[in-house]
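A.B. asks: model the following, please.
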Amino acid sequence: MKKITFLLPLFGAILLFTACNGTSNSQTKSGKIKLSTEIDSASYALGVSMASQVKGQGFPDMNFDALIAAFKDVYGDNDLLIGEVESQGVLQAFFTKAMAKAGQKNLEEGQAYLAKNKNVSGVITTESGLQYSVMKDAQGAKPSAEDQVKVHYHGTLIDGTVFDSSVERGEPSTFALNRVVRGWTEGIQLMPVGSKYKFVIPSELAYGLNPRQGGPIGPNMLLIFEVELLEIVK
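C.D. replies: So this is what the prediction gives:
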């Protein structure tokens, strides 16, 4: 399973690069093949698993012909168009370019969102660039950066995609404020226990160019959280 897990980010980056450059290949519809043997089923299942996870990341297409040709050449011990050692350099350059292109796009979208959101009634922008508004006020104590807090939260991207939500899981979460993204550390210290705030966190106060692997958060993405502070955990 370790090898499969390693391949998934690779395919994701390939699709990201394809999407960023506007390249589109015609969709290949599954032929009516028969899964007659155990290896037939396992091979198809592997393809379903990998493709489903990559597609779920929002990347629409790739050059399937080149991908399949490489698999066949390796398995057939054929001469490779790009050798295994050379492939590392190709992929490194590819990932760097793809991440930079996606990161710049996300950064510009985030900056535009922040510029518009700062003019919304009730929104306050801190010196760091964090934006927040009070959804429900309260008179409880406020935590410090060294405290643990129990919260209910709902996190989305600009387009409304939910990337994490204790609300949807139906169970509050407990965090140490000095072990979360900077936007959380700063923002939750502003909250009295019992209150609910909405935070708009610029990418530099979130994950920056290094988002969590395997999720919908891309490089330089702005994050939006609705957070209810339930308790300061002693």
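
A.B. asks: quick check: closest non-adjacent residue to Lys136.
C.D. replies: Nearest non-adjacent residue to Lys136, counting by CB to CB, 6 or more residues apart in numbering: Lys196, 4.0 Å away. Heads up, the C-betas are built off the backbone N, CA and C, glycines and all.

A.B. asks: hang on, isn't that neighbour packed against Tyr132?
C.D. replies: No: at 10.9 Å, Lys196 does not count as touching Tyr132 under the criterion of CB atoms under 8 Å.

A.B. asks: what about stretch 110-124, distance to the chain center?
C.D. replies: Remark: stretch 110-124 is offset 22 Å from the chain centroid, using CA atoms, centre = their mean, to the nearest Å.

A.B. asks: can you give me the mean pLDDT across that stretch?
C.D. replies: Here stretch 110-124 scores 97 as its mean pLDDT.

A.B. asks: helix/strand/coil for Phe199?
C.D. replies: Per DSSP: H, G, I helix; E, B strand; the rest coil, the local secondary structure of Phe199 is strand.

A.B. asks: same thing with the one 5 residues further on?
C.D. replies: Under the three-state scheme (three-state DSSP), Glu204 adopts helix.

A.B. asks: and the gap between it and Phe175?
C.D. replies: 20 Å (CB to CB, to the nearest Å).

A.B. asks: select the longest helix from this protein.
C.D. replies: Looking across the chain with DSSP state H, the single longest helix is helix 84-117.

A.B. asks: what helices or strands is that one leaning on?
C.D. replies: helix 2-20, strand 196-201 (3 or more CB pairs under 8 Å, 6 or more residues apart in numbering; DSSP states H and E).

A.B. asks: appreciated, that's everything.
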